[in-house]
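[1] only geometry, no sequence info:
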């Protein structure tokens, strides 16, 4: 929790300083008078995804179990998350609303408040909204270069899977495989960035298609068995939990994990460490409860 606050505070400092013309050299994406904060991450989108599990763990926990002293920290975490100015934040909130449809009445005041803030602030910050938060919507998705690159590599990963359906091309080999086929002029692989700035243009950009392409049907079956085991263990732990607080914490960790896996389908691969850290936290919390020990809120 303290590390998240430290990272979030640094991101906000990056943003605020840029208003006064002081640009942190690590923040390399700018819009006229401001930068996109990336904290200690490679880029703002990675920072936003790093924050997803923690933010929505506390959002959900606050929604179903209003623990004392949590409200202000939840507000701070959401401010830190929004400071990333990533379109991924918009998708994350929309997906969370869809997942929490049964709790819509409790969410309604927050939804109305957020919509009012957007409506009232849009005339003053339209450039920021259009360039960062709503960029894909404004450019009709495929017409925006960032979405087009991501979608292109998702399609390419499907072609890799189609060529190697059983065992794939090996974990970590998808980007190089796409690059080799692209270099050889195989037309059905979509063209990446012409400048070839870095090899990142050939990243699979999607967890599901990367697993399909790198490890084939065999790998998909293995991952599904792993997920069934993990979620089965969590479900059993929730059932066995003695305290409502513990049930709420385990449910919120599960929601945060599922949400993160869905959001990661937009632009991330299997090598993002926060995927596996979050699953480890979820598993260890479940085992902690099943062993009869108390689970701490933090």
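    That came through, no problem. Everything numeric here is computed off the predicted structure, so don't read it as measured data.

[2] contacts and neighbour counts: CA atoms only from here.
    Fine.

[3] Can you spell out which helices and strands pack onto the helix or strand harbouring residue 73?
    Counting by DSSP states H and E, the element that carries residue 73 is helix 71-82. Helix 71-82 makes packing contacts with helix 2-19, helix 44-64 when contacts are defined by 3 or more C-alpha pairs under 8 Å, 6 or more residues apart in numbering; DSSP states H and E.

[4] buried stuff in the last one?
    Buried residues in helix 44-64, counted by 16 or more other C-alpha atoms under 10 Å: 44-64.

[5] now do stretch 9-25
    So, applying 16+ other C-alpha under 10 Å, buried residues of stretch 9-25: 9-12, 14-16, 18, 23.

[6] same question, stretch 78-93
    Those would be 78, 80-89, 92, for stretch 78-93 by 16+ other C-alpha under 10 Å.

[7] Flag every buried residue along the helix or strand containing residue 111.
    Per DSSP H and E, residue 111 falls inside helix 104-121. Using 16+ other C-alpha under 10 Å as the test for burial, helix 104-121 gives no buried residues.

[8] Rebuild the helices and strands packed on helix 71-82 as a markdown table, extending it with distance to residue 98 and mean pLDDT.
    As requested, the helices and strands packed on helix 71-82 are arranged in a markdown table below (distance: least, C-alpha to C-alpha, whole Å; pLDDT from 0 to 100):
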| stretch | distance to residue 98 | mean pLDDT |
| --- | --- | --- |
| helix 2-19 | 26 | 88 |
| helix 44-64 | 13 | 86 |
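
[9] Not including adjacent chain positions, what is the nearest residue to residue 160?
    residue 213 (5.3 Å; C-alpha to C-alpha, 6 or more residues apart in numbering).

[10] Please list all residues in contact with that neighbour.
    For residue 213, the contact set (C-alpha atoms under 8 Å, 6 or more residues apart in numbering) comprises 157-162, 164-165, 168-169, 174.

[11] Contacts for the helix holding residue 111 next, please.
    63, 97.

[12] And for whichever helix or strand comes after it, what's in contact with it?
    Downstream of helix 104-121, the next assigned helix or strand under DSSP H and E is helix 126-128. Outside of helix 126-128, the residues within contact range by C-alpha under 8 Å, 6+ apart are residue 31.

[13] let's have the chain start at 40 instead
    Got it, the first residue is 40 from now on, which makes the last one we talked about helix 165-167.

[14] Show me what counts as buried in helix 165-167.
    So, applying 16+ other C-alpha under 10 Å, buried residues of helix 165-167: residue 167.

[15] how far is it from where the chain is centred?
    23 Å (C-alpha atoms, centre = their mean, to the nearest Å).

[16] cool, and stretch 59-69?
    That offset, for stretch 59-69, works out to 23 Å (C-alpha atoms, centre = their mean).

[17] repeat for stretch 129-141
    On C-alpha atoms, centre = their mean, the centre of stretch 129-141 falls 13 Å from that of its chain.

[18] So residue 48 versus residue 67, what's the distance?
    18 Å (C-alpha to C-alpha, to the nearest Å).

[19] Residue 289 too?
    Taking C-alpha to C-alpha, one finds residue 289 at 37 Å from residue 67.
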